[in-house]
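>>> 3D, please:
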Amino acid sequence: MAVEPDSAGVRFPPPFVYLGALLLGLAAERFITLRSFGIDWRLLAATGALLFVVGAAMLAGAGLFRRLGTSVPPSQPTTHIATTGPYRWTRNPMYLGIALIYGGLAIGFDGPIAFASLPLVLIVIQTQVVAREELYLEAKFGDDYRRYKAEVRRWL
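Model (predicted):
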C-alpha cells in the first residue's frame with residue numbers, strides 16, 4: 001500500500017486488522033474445546049445482527065468523507081476535518097463501526113475466542129492507527145482539530 005507523505009503514515013488498511021483477527025479467532029474455534037458462548041443460537045443471532053446493523057450504520061462516516069472530498073484511507077492526505085453526522089459523537093465512527101460489526105459476527109457465529117480477541121484488535125487500532133491519525137490531524141489543522149478533539153470523545 002502506497003503511503004503519501006502528507007498522511008497519517010498508516011501502512012496497512014485498518015479493516016484488514018479486524019478481518020484478520022476475526023478469521024483467526026473463528027478458525028481457532030475449531031481447535032479449542034471451549035468454543036461456544038453456551039447461549040441459545042437465536043439470541044446469539046439476534047444480538048449479532050443488531051450489532052452488525054448498528055456497526056454498518058456507523059460506517060456512514062465513509063460517505064461523509066467522500067462528500068467532503070477527503071480520502072478515507074489513512075495512507076492518503078486528509079483535506080477536511082469531519083465534524084457532522086456520526087462525527088458529532090465520536091472521532092472514530094468508522095473504526096467503531098467495524099468493531100461493532102466484528103463483535104456482531106463473532107457473537108452471531110458463536111465465537112467466544114474471536115470475540116475475546118476484539119480488545120487486542122482495538123489496542124492495535126488505537127496505537128498504530130488512531131494515535132498516528134491524531135498526531136497528523138493536529139499537525140495539519142492545529143487549533144481547529146484541537147477544539148474538535150476537546151469537544152468530541154475518541155470512541156464514545
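
>>> give me the next element, helix or strand, following the longest helix seen in the chain.
Ordering each helix of the chain by length in residues (DSSP state H) puts helix 41-58 first. Using DSSP states H and E, the helix or strand that follows helix 41-58 in sequence is helix 60-68.

>>> thinking again about what came up before, show me what the longest helix of the chain is packed up against.
Applying 3 or more Cβ pairs under 8 Å, 6 or more residues apart in numbering; DSSP states H and E, we find helix 41-58 packed against helix 93-108. For every residue, glycine as well, the C-beta is placed using N, CA and C.

>>> quick one: mean pLDDT over the helix it packs on.
Mean per-residue pLDDT for helix 93-108: 97.

>>> hmm, back to that, report the distance from the longest helix of the chain to the chain centre.
Computed by Cα atoms, centre = their mean, to the nearest Å, the chain-centroid distance of helix 41-58 equals 16 Å.

>>> do stretch 114-129 as well
9 Å.

>>> tell me which residues in it are buried?
In terms of neighbour count (16 or more other Cβ atoms under 10 Å), stretch 114-129 has its buried residues at 114, 115, 117, 118, 121, 122, 124, 125, 129.

>>> and of the residues you listed, the nearest to residue 48?
Residue 48 lies nearest to residue 115 out of these, by Cβ to Cβ, at 9.9 Å.

>>> count of neighbours near residue 38?
By other Cβ atoms under 10 Å, 8 other residues sit near residue 38.

>>> how near is it to residue 44?
Counting by Cβ to Cβ, to the nearest Å, the gap from residue 38 to residue 44 is 10 Å.

>>> hmm, back to that, out of the buried residues of stretch 114-129, which is nearest to residue 147?
Nearest to residue 147 out of those is residue 129 (Cβ to Cβ; 22.3 Å).

>>> next, that closest one: secondary structure please.
Classification of residue 129 using DSSP: H, G, I helix; E, B strand; the rest coil returns helix.

>>> residue furthest from the geometric center of this protein?
Here the chain reaches farthest from its C-alpha mean at residue 33, the gap being 29.4 Å by Cα atoms, centre = their mean.

>>> all set, thanks.
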